[in-house]
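Student: Below are the sequence and a predicted model; questions follow.
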Amino acid sequence: MSSRPADRRARARDLPPATEADQRAITAFLDRAWAESGLSRLTLDSYRRDLEGLARWLVARGRGLGGVDRQVLFDYLADRTAQGYAARSNARLLSALRAYFGQQARLGLREDDPTARLDPPKLRRSLPKALSESEVEALIQAPPAETPAGLRDRAMVELMYATGLRVSELVNLPAAAVNLRQGVLRVTGKGNKDRLVPMGEEAQHWLERYLAGARPALAGGRAAAALFLGREAAPLSRQQFWNVVKKRALVAGIDPARVSPHGLRHSFATHLLNHGADLRTLQMLLGHSSLSTTQIYTLVAREGLKRLHQQHHPRA
């Protein structure tokens with residue numbers, strides 16, 4: 001039994017490729033899923049990886065996706081668990097399998113849905129890890145803003161904390177999404193749903209400075225649709241922004257392991273709630289389709305109140 005990621009990757013490379021029939025079936029599923037639900041490219045890519053992983057595992061056992069039943073899926077999940085895959089990874093995989101086999105059954109391409117009575121792995125409900133307000137302030141002010149790249153980085157961190165955008169939403173923002181006169185962004189989130197998000201005065205100030213001087217320098221005379229630019233006017237990637245945040249954390253004296261772009265989104269939500277924002281407003285700002293997703297932040301706020309009580313109450 002192997003549990004190390006490197007060993008799991010090596011084992012996956014040793015599996016034979018998926019059959020052409022299964023590859024066509026997966027592609028057809030993804031095309032329909034995109035047309036029907038408007039799933040993001042990241043979600044579609046994740047579904048493809050998960051389905052191809054199952055298809056390759058099946059080939060090694062002389063089977064294909066068309067011959068899958070509940071027991072086969074149970075064996076596959078058990079095999080992954082034995083290899084050390086986390087419950088959260090298997091839960092994500094099961095989501096892809098439910099979408100695929102549910103579509104197959106709905107279209108009459110198979111008689112049953114083998115995932116219908118397959119229980120998902122039990123997940124621990126983890127609270128989002130938010131920075132304190134003073135830590136966010138130190139992170140924002142950490143790096144110099146004299147260079148075009150430094151000014152871009154300051155504007156991105158300011159904007160992410162001010163708006164609570166997902167990192168994919170931030171790096172994929174087009175310049176045309178900015179309305180400086182009204183102080184809002186038009187953001188395309190999950191499911192290709194648009195929402196208007198206010199920037200706040202401080203984030204708008206730094207964004208205006210970036211647009212006036214840094215962005216033209218980074219574009220170097222090239223036409224570019226993206227708002228935030230890297231080398232040769234290419235859009236900054238998620239990983240590049242991740243590195244930006246980690247470097248700023250080091251300069252600010254914050255453990256980089258505690259800081260991530262997603263953590264800035266959590267900090268935005270937690271701090272808003274702590275200052276009296278209601279859940280419905282928070283839901284709209286974060287772009288959550290369900291209020292239940294937003295409600296986890298009430299647990300974050302409650303944990304903060306408990307810590308304050310324990311620290312300062314004489315009988316805590």
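Tutor: Looks like it arrived, so ask away.
Student: Residue 210 - that's part of a strand, no?
Tutor: No - looking at residue 210 with DSSP: H, G, I helix; E, B strand; the rest coil, it is helix, so not inside a strand.
Student: How about the contacts made by it?
Tutor: 151-152, 154-155 (CB atoms under 8 Å, 6 or more residues apart in numbering). C-beta: built from backbone N, CA, C; applies to glycine.
Student: In terms of secondary structure, what does the strand or helix carrying residue 251 contact?
Tutor: Take DSSP states H and E as the rule and residue 251 turns out to sit in helix 238-252. Judged by 3 or more CB pairs under 8 Å, 6 or more residues apart in numbering; DSSP states H and E, the packing partners of helix 238-252 are helix 133-141, helix 148-163, helix 167-171, helix 261-274.
Student: can you list contacts of it?
Tutor: 135, 138-139, 141-143, 153, 156-157, 167-168, 170-171, 228, 230, 255-256, 258-261, 264.
Student: Can you say which of those are buried?
Tutor: Neighbour-count burial within the contacts of helix 238-252 applies to 135, 138-139, 142-143, 153, 156-157, 167-168, 170-171, 228, 230, 259-261, 264; the criterion is 16 or more other CB atoms under 10 Å.
Student: unless I'm mixing things up, residue 191 is touching residue 39, no?
Tutor: Yes - with contact defined as CB atoms under 8 Å, residue 191 reaches residue 39; the gap is 7.2 Å.
Student: Between the two, point out the one with more neighbours.
Tutor: residue 39 (19 against 12; other CB atoms under 10 Å).
Student: check contacts around that one.
Tutor: Residue 39 neighbours (CB under 8 Å, 6+ apart): 33, 47, 191.
Student: From those, pick the one nearest residue 184.
Tutor: For those, the closest approach to residue 184 (CB to CB) belongs to residue 191, at 20.3 Å.
Student: Grab the nearest non-local neighbour of the closest one.
Tutor: residue 38 (5.0 Å; CB to CB, 6 or more residues apart in numbering).
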